[in-house]
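# Pasting the sequence and the predicted coordinates here, then a few questions.
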Amino acid sequence: HGADVVSLLQDVQQQRADDPVASQALALAARAAGDLPLAIAAFERAISRRPAKSDLRTIYSDLARLHQQSSHPERALEVWQQLESAFPRDLAIQEDVAARLQDDGQLQPALERWQRLSSETTNPERRTRYQLSVADIQLRLGQAEEALQTLETELSRIRPGSWLDQLIRTKVESALLSSGGRSAVIGYYREQLSDSPDDTGACRRLAELLAGEGQFDEAAELYRKAIDHQPSSVALRTAYVNLLSSQGKLSEAVAAGRQLILLDDAGTDELELAGRLLLRDTSLEPATREQQASEVWMKICNDSQDAAKFGYTARLHRRFGLAERAVELYQSTIELDPQNSVWREELGQTLYELGRRDEALQAWSRIAAGARRSTETLSLLSETLEKAGESAAALAAMQEACEQEPTISDRIRLARLLRRGGRT
């Protein structure tokens with residue numbers, strides 16, 4: 001069928017000698033049929049027939065890609081140059097051509113274009129984006145020193161600690177690693193701090209690298225220095241706490257954790273971390289550290305009526321051995337979200353673990369109580385009871401589920417429970 005379409009469009013092209021659309025349609029059909037020489041010739045004919053500007057860009061792009069696909073990169077470059085000449089003031093086309101050449105491995109022409117775009121733009125964000133492309137190509141060309149210089153120039157323009165700052169530092173490290181290994185990266189950051197002692201980004205990164213090399217004391221000192229310059233940084237304080245904790249300096253980690261959770265931007269992860277540290281603080285009586293950890297974790301809820309936050313906090317208490325408090329939190333969660341069976345299931349599990357079997361069974365029974373009683377909830381209740389080893393109750397719940405609107409899976413499950421109980 002593809003050959004028939006191509007043949008038909010060849011006839012149309014001959015009949016409509018001045019129509020670029022006919023040639024473009026033939027080119028697309030020939031490309032789809034795998035006849036690249038015919039497709040190239042048809043695209044070239046479409047260009048010669050002076051298509052509309054809105055079509056010309058697409059035709060040039062398709063033709064250039066076909067030349068690249070046909071292993072003729074020099075011809076592809078010529079077509080890209082023709083496209084640029086046809087739209088000399090179109091920034092989007094200039095960027096697209098540079099990116100296409102870079103993707104196709106034509107690195108030198110791509111480099112020249114990114115450098116030109118960077119030198120001509122007055123937009124700081126665009127300049128940074130262009131320069132990052134320049135550095136990427138320089139690295140691929142083996143020009144590590146040039147890439148490093150390009151990145152350092154941009155780094156001096158970027159706000160320290162921003163995501164862009166982190167991205168550029170990562171690229172700087174790639175350039176250094178390719179030329180001198182990990183020691184070169186460490187040496188670079190030492191030199192950066194020597195020139196700019198207040199560079200908290202360099203300070204933090206050097207601390208991370210030194211910790212990775214086992215130089216923990218110097219890493220801790222660098223974190224303290226960075227925190228002095230940027231005391232409201234959650235990321236810096238969290239990294240410092242984790243370093244102290246990993247080295248067994250628990251009292252220092254607890255103190256740093258207490259400072260961490262005072263920050264306005266401290267979130268769930270930081271509150272969880274501080275609470276876990278308090279539970280390990282043997283300088284406190286067990287009841288005191290449990291109470292303090294619980295108070296920290298309750299800040300996650302922050303006087304909200306968010307069931308998800310209460311449920312998360314309940315799970316924290318349960319996971320770290322504060323089961324009695326977890327029971328209270330699960331009950332609060334159920335009040336906020338009574339239709340969610342998960343909370344009743346976990347409340348029952350917590351009560352069961354505490355040896356409060358009757359209360360656990362009562363909590364589980366409410367999964368399928370009242371208006372919530374259905375095949376689905378009874379099946380969930382049966383599964384929950386079976387996991388707890390309550391076989392008789394699990395069977396009874398499953399039998400009732402299958403009296404309503406059971407699925408095949410429900411019937412199979414009931415049969416399995418009956419066999420396990422010695423019944424058929």
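That came through fine.

# Can you give me the end-to-end span of stretch 330-345?
Terminal residues of stretch 330-345 are spaced 10 Å apart (CA to CA, to the nearest Å).

# quick check: mean pLDDT across it?
The average pLDDT within stretch 330-345 is 96.

# can you check stretch 366-373 too?
Stretch 366-373 shows a mean pLDDT of 94 in the predicted model.

# Pull the residues that contact that stretch.
Contacts to stretch 366-373, defined as CB atoms under 8 Å, 6 or more residues apart in numbering, come from residues 339, 341, 344-345, 374, 377-378, 380-381, 384, 397. Just so you know, the C-beta spots here come from the backbone N, C-alpha and C atoms, and that holds for glycine as well.

# Can you tell me which of those residues end up in helices?
Those of these mapping onto helices are 341, 344-345, 377-378, 380-381, 384, 397, per DSSP state H.

# Tell me the one among those nearest to A211.
Distance to A211 across the ones in helices among the contacts of stretch 366-373 (CB to CB) is lowest for E345, with 41.4 Å.

# which residue sits closest to the closest one, ignoring its sequence neighbours?
T384 (5.3 Å; CB to CB, 6 or more residues apart in numbering).

# how about that neighbour, what does it touch?
345, 348-349, 364, 367.

# For L378, see how far away it is.
According to CB to CB, to the nearest Å, T384 and L378 sit 11 Å apart.

# same check, this time on P286
Taking CB to CB, one finds P286 at 41 Å from L378.

# Which one's more surrounded, the two?
Comparing P286 with L378 by other CB atoms under 10 Å, the one with more neighbours is L378, at 24 against 10.

# need the contact list for that one.
368, 397-398, 400-401, 404.

# roughly how far apart are it and R413?
Taking CB to CB, one finds L378 at 11 Å from R413.

# cool, R280 as well?
On the measure of CB to CB, R280 and R413 end up 43 Å apart.

# ok, those two, which is more surrounded?
Ranked by neighbour count (other CB under 10 Å), R280 and R413 place R413 first, with 20 against 14.

# where does that one fall, phi/psi-wise?
phi -70, psi -40 (degrees, to the nearest 10).

# do you know how far it is from D35?
From R413 to D35 the distance is 60 Å (CB to CB).

# got it, and C301?
C301 is 67 Å from D35, by CB to CB.

# R356 now?
Applying CB to CB to R356 and D35 gives a distance of 78 Å.

# do R416 as well
Going from R416 to D35 by CB to CB gives 61 Å.

# who's more crowded, those two?
Using other CB under 10 Å as the criterion, R416 and D35 rank with D35 on top: 17 against 12.

# just the buried members of the contacts of L378?
For those, a burial check counting by 16 or more other CB atoms under 10 Å picks out 368, 397-398, 400-401.

# Just put the residues you listed in a markdown table and tack on distance to T150.
Shown next, in a markdown table, are the buried ones among the contacts of L378 (distance: CB to CB, whole Å):
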| residue | distance to T150 |
| --- | --- |
| A368 | 66 |
| A397 | 68 |
| M398 | 68 |
| E400 | 72 |
| A401 | 67 |
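
# Just give me the closest of the residues you listed to S70.
Relative to S70, and with distances defined as CB to CB, the nearest of the buried ones among the contacts of L378 is A401, at 65.2 Å.

# Now do the contacts for the closest one.
Neighbouring residues of A401 by CB under 8 Å, 6+ apart: 375, 378-379, 382, 410, 414.
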